[in-house]
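Participant: show me how the following folds:
(one chain, ligands or ions: 1)
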Amino acid sequence: METHHDTYDDLDELPWRELAACRTHDADLFFPPGETGGAALTIRLAKRICAECPVELDCLYYAVSTGQRFGIWGGTDENDRRRLRRRWVAARGNVGEADLIGWLSKAS
Ligand code: SF4
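Facilitator: Sure, this is the predicted structure:
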């Protein structure tokens with residue numbers, strides 16, 4: 001079974017990956033085809049797993065800071081991350097690039 005993070009070679013080096021709640025779930029759950037119908041249910045299920053994940057913030061930070069466009073990361077879908085990214089761009093003047101993870105912990 002291929003899991004969410006197996007699909008990304010550059011995640012191999014990240015220690016938080018070993019604690020990911022999705023490591024026992026199939027990657028398809030985190031990369032639903034679209035957003036409606038059965039995909040909407042899949043997205044809700046994936047987000048529920050993320051909500052219990054001890055490394056949710058690390059995962060979200062990775063996804064936002066590396067511009068991951070597809071899939072569920074850190075409890076967010078593609079639209080959630082686009083909205084977060086827009087808010088981050090608007091707030092960046094006050095917060096600073098280095099504080100993205102702190103900003104995300106309050107914004108998400
Ligand atoms: S937050 Fe979700 S996608 Fe990220 S590591 Fe945890 S379970 Fe996987």
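
Participant: how about the residues of the protein near the ligand?
Facilitator: Neighbours of the ligand within the chain, by C-beta under 6 Å from any ligand atom: 4, 20-22, 30, 49-50, 53, 55-56, 59, 72-75. (Each C-beta comes from the backbone N, C-alpha and C, glycine too.)

Participant: nearest to residue 43 among these?
Facilitator: Using C-beta to C-beta, residue 72 comes nearest to residue 43 of these, at 6.4 Å.

Participant: surely that closest one meets residue 35?
Facilitator: No - the criterion here is C-beta atoms under 8 Å, and residue 72 misses it with residue 35 at 11.2 Å.

Participant: picking that back up, list only those of the residues of the chain next to the ligand flagged as buried.
Facilitator: 4, 20-22, 30, 49-50, 53, 55-56, 59, 72-75 (16 or more other C-beta atoms under 10 Å).

Participant: give me the subset of the residues of the chain next to the ligand lying in helices.
Facilitator: 49-50, 56, 59 (DSSP state H).

Participant: Throw the residues you listed into TSV and include pLDDT, thanks.
Facilitator: Below are these laid out as TSV (pLDDT from 0 to 100):
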residue	pLDDT
49	98
50	98
56	96
59	94
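
Participant: so what pairs up with the most centrally placed residue in the chain in the strands?
Facilitator: Central residue of the chain (C-alpha atoms, centre = their mean): residue 73, 1.6 Å from the mean position. Applying DSSP bridges to residue 73 gives these bridge partners: residue 76.

Participant: and residue 40, what's its pLDDT?
Facilitator: Residue 40 carries a pLDDT value of 93.

Participant: how close does it get to residue 30?
Facilitator: To residue 30, residue 40 is 14 Å away according to C-beta to C-beta, to the nearest Å.

Participant: now residue 76
Facilitator: 11 Å.

Participant: any buried residues in the biggest helix by length in the chain, and which?
Facilitator: Counting residues, the longest helix found in the chain (DSSP H) is helix 78-95. Residues 78, 80-81, 84, 88 are the ones in helix 78-95 that count as buried (16+ other C-beta under 10 Å).

Participant: Serialize the residues you listed to a markdown table and add fields for pLDDT.
Facilitator: Converted to a markdown table, the buried residues of helix 78-95 look like this (pLDDT from 0 to 100):
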| residue | pLDDT |
| --- | --- |
| 78 | 93 |
| 80 | 95 |
| 81 | 94 |
| 84 | 91 |
| 88 | 85 |
